[in-house]
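*Asks:* how would this look folded up:
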Amino acid sequence: MSDYSELDKEMLSRNLDAAQIETLEKVKQEGRVWDDLSEEYGVDNPDPPWRIDLESTCDALADGYWNTSNVCKPETERTPENEANLDALERRWEEDQLVSERYADVPFPERQLLALAHSMIRRGLISEEDLAEKMKLVDKRLNMID
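*Replies:* From the prediction side, this is the model:
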């Protein structure tokens, strides 16, 4: 008898690794949600400022435009090795699985952001170390830390 559930088998067949990612687990445990941050900083907009970037990144992945050098080239000159095309339905399926398996206790839209970051790390589009470094820079700017 297999140690894998049908869902685990499906995730593996699609090359989805739902295993924990340390940086994202830290965000999951210690991160703050937009509702709290917007209140703290006196922002009235119900949508977080990163919401459009999140949706745009999902769209760009679906079109294979992740590598910015490819975006500027005519479609006939784009190289497949520089594209990280992720079918929109596949990305959404992956997001749903990650949300239910790994990020169910995180509120929306933060769980969508964590699921996207998880997918991008697992697919090699960004490293966990690069993401952690970018997060430190944002924290530094937000909190005016020297």
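
*Asks:* so Pro48 touches Pro109, yeah?
*Replies:* Yes. Using CB atoms under 8 Å, Pro48 makes contact with Pro109 at a distance of 6.7 Å. For every residue, glycine as well, the C-beta is placed using N, CA and C.

*Asks:* between those two, what contacts are shared?
*Replies:* Shared contacts of Pro48 and Pro109 (CB atoms under 8 Å, 6 or more residues apart in numbering): Trp34.

*Asks:* quick one: low-confidence ranges for this structure?
*Replies:* Applying pLDDT under 70 to the chain picks out residues 1-5, 7-8, 62-75, 77-87, 145-146.

*Asks:* biggest helix in this structure, by residue count?
*Replies:* Ranked by residue count under DSSP state H, the longest helix found in the chain is helix 128-143.

*Asks:* for that helix, C-alpha coordinates in PDB please.
*Replies:* Output of helix 128-143 as PDB, limited to C-alpha atoms (Å, rounded to 0.1, in the frame of the first residue of the first chain):
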ATOM      1  CA  GLU A 128      14.300  31.400  -1.200                       C
ATOM      2  CA  GLU A 129      17.400  33.400  -0.300                       C
ATOM      3  CA  ASP A 130      16.600  36.100  -2.900                       C
ATOM      4  CA  LEU A 131      13.100  36.400  -1.600                       C
ATOM      5  CA  ALA A 132      14.300  36.700   2.000                       C
ATOM      6  CA  GLU A 133      16.700  39.400   1.000                       C
ATOM      7  CA  LYS A 134      14.000  41.400  -0.800                       C
ATOM      8  CA  MET A 135      11.700  41.000   2.200                       C
ATOM      9  CA  LYS A 136      14.500  42.500   4.400                       C
ATOM     10  CA  LEU A 137      14.800  45.500   2.100                       C
ATOM     11  CA  VAL A 138      11.100  46.100   2.100                       C
ATOM     12  CA  ASP A 139      11.000  45.900   5.900                       C
ATOM     13  CA  LYS A 140      13.900  48.300   6.100                       C
ATOM     14  CA  ARG A 141      12.100  50.800   3.900                       C
ATOM     15  CA  LEU A 142       8.800  50.400   5.700                       C
ATOM     16  CA  ASN A 143      10.200  50.800   9.100                       C
END
